[in-house]
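Colleague: give me coordinates for this.
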Amino acid sequence: MGASTAQTQVDISLAVYDKGAVTIERLQLPPRGPGEIDVAITSAAICGSDLHTVLGHRETPERTALGHEGVGRITDVDPDVVDLRGATLRPGDRVVFALFSSCGSCDRCTAGLPMKCRSLVKYGHESVLKPPHATGTLATGVRLLPGVPVVRIPDSLSDSVVVSAGCAVATAGAIIAAAGPLAPRTRVLVFGAGAVGAYCAAMLTSLGCIVQVREPSAERLAIVEEFGATAAHPDAEPFPVVVEASGSATAFVEALHATDIGGRVVAAGSVSPGQSTASIDPALLVTRRITVSGVHNYTIDDFRRGVDWLLAHGRDLNLDRLLSPPLPLSAAAEGFRQMQTGRYPRVLIRPDLTEAAQ
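Modeller: Next comes the predicted model:
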């Protein structure tokens with residue numbers, strides 16, 4: 001997506017899911033509206049939620065624009081638009097952004113649930129037929145609505161460090177917020193070492209918590225061990241805090257059994273209603289006085305908190321381990337096949353790559 005003004009049209013390429021297939025389409029955008037921001041994507045990542053879409057685990061609109069994790073540079077913006085820190089945004093600024101646009105005034109927004117806004121627009125889940133059309137990050141460019149939280153970031157952090165700021169990192173921030181105040185050396189058990197679980201483990205260890213992880217993949221366990229976590233001991237005492245980030249119904253039941261009296265379970269892995277069921281004994285929750293919180297997406301404060309964490313710790317952690325080698329946008333369908341193997345927590349897409357450059 002080249003430099004533009006509000007009076008010109010913009011051509012982009014983007015990955016689209018329709019009729020069971022992922023294809024690359026060319027799209028000519030109309031001139032952007034007031035307050036909208038055009039961003040040229042430099043890197044994007046395929047998320048597990050994107051895979052759920054492509055596998056048919058949820059209803060999707062016709063010609064869904066795919067992808068909601070990305071980083072890029074502004075190509076066009078009004079002169080009075082600011083980011084979450086109040087910094088004026090200009091063409092050329094490098095930014096990350098949240099995966100949703102909210103109105104800020106409905107009952108859900110005012111109750112602290114902007115991710116469930118009555119007029120929510122969710123990037124990576126909308127049709128290219130619906131304005132603003134370019135709502136997927138698996139693309140050369142994306143158009144951000146005025147209600148999308150944006151943060152300007154320095155060039156000193158690589159794309160691989162910040163590419164997941166708008167989903168996995170912010171969601172991990174929301175999980176930790178839901179877990180409540182965490183004193184140093186609080187014992188925490190995390191189920192699943194996908195991207196969300198891995199970021200949770202990294203954030204929790206940076207807070208001084210003692211983190212154990214249950215994960216069947218030795219490769220993924222090795223990643224979180226680099227972040228300071230350890231493999232869960234089968235005979236460990238119950239934990240005061242347990243995070244379920246795997247999406248497994250069995251793991252959810254195991255999480256309840258692993259929680260100590262008065263403990264908290266934060267469930268964030270199961271995001272496709274109707275795809276799994278679990279049988280639990282309610283007495284387990286009642287007699288242990290367990291608090292269960294569900295986390296789906298995140299608030300604006302969670303997003304800001306996640307970006308702040310990346311700025312503080314991203315240089316010191318080998319976050320590249322969470323990503324596949326980069327693929328060009330033209331190979332997006334192959335990227336989804338790689339995600340399905342489970343080899344990588346995230347598959348990295350670089351729109352500037354060509355097939356020959358892989």
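Colleague: tell me, how many residues neighbour residue 206?
Modeller: Taking other C-beta atoms under 10 Å as the criterion, the count of residues near residue 206 is 15. Just so you know, the C-beta spots here come from the backbone N, C-alpha and C atoms, and that holds for glycine as well.
Colleague: count of neighbours near the spatially closest residue to it that is not a sequence neighbour?
Modeller: When the adjacent residues along the chain are set aside, residue 206 lies closest to residue 313, with 5.5 Å between them (C-beta to C-beta, 6 or more residues apart in numbering). Look at residue 313: counted by other C-beta under 10 Å, it has 16 neighbours.
Colleague: surely residue 313 and residue 207 touch.
Modeller: No. No contact is recorded between residue 313 and residue 207 when judged using C-beta atoms under 8 Å, the distance being 10.6 Å.
Colleague: which residue is the nearest non-sequential neighbour of residue 56?
Modeller: Closest residue to residue 56 apart from its sequence neighbours, by C-beta to C-beta, 6+ apart: residue 20 at 7.4 Å.
Colleague: next one, pLDDT for the one you found please.
Modeller: Residue 20 carries a pLDDT score of 92 in this model.
Colleague: and the residue lying closest to residue 344 once chain neighbours are set aside, how far is that from residue 352?
Modeller: Once flanking residues are discounted, residue 344 sits nearest to residue 324: 4.1 Å by C-beta to C-beta, 6+ apart. The span separating residue 324 from residue 352 equals 16 Å under the rule C-beta to C-beta, to the nearest Å.
Colleague: so for these two, which residue has more residues nearby?
Modeller: Under the neighbour definition other C-beta under 10 Å, residue 324 and residue 352 were set side by side, and residue 324 has more, 18 against 13.
Colleague: look up phi and psi at the more buried one.
Modeller: Comment: the main-chain dihedrals of residue 324 come out as phi -70, psi 170, following degrees, to the nearest 10.
Colleague: how far away is it from residue 113?
Modeller: 33 Å.
Colleague: could you do residue 311 as well?
Modeller: 26 Å.
Colleague: now residue 264: which helix or strand?
Modeller: Here residue 264, judged by DSSP states H and E, is contained in strand 259-267.
Colleague: next, the buried residues of that strand.
Modeller: The neighbour-count check on strand 259-267 (16 or more other C-beta atoms under 10 Å) flags 259, 260, 263, 264, 265, 266, 267 as buried.
Colleague: TSV for these, including distance to residue 250?
Modeller: Written out in TSV, the entries for the buried residues of strand 259-267 read as follows (distance: C-beta to C-beta, whole Å):
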residue	distance to residue 250
259	15
260	20
263	19
264	20
265	14
266	17
267	13
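Colleague: all set now, cheers.
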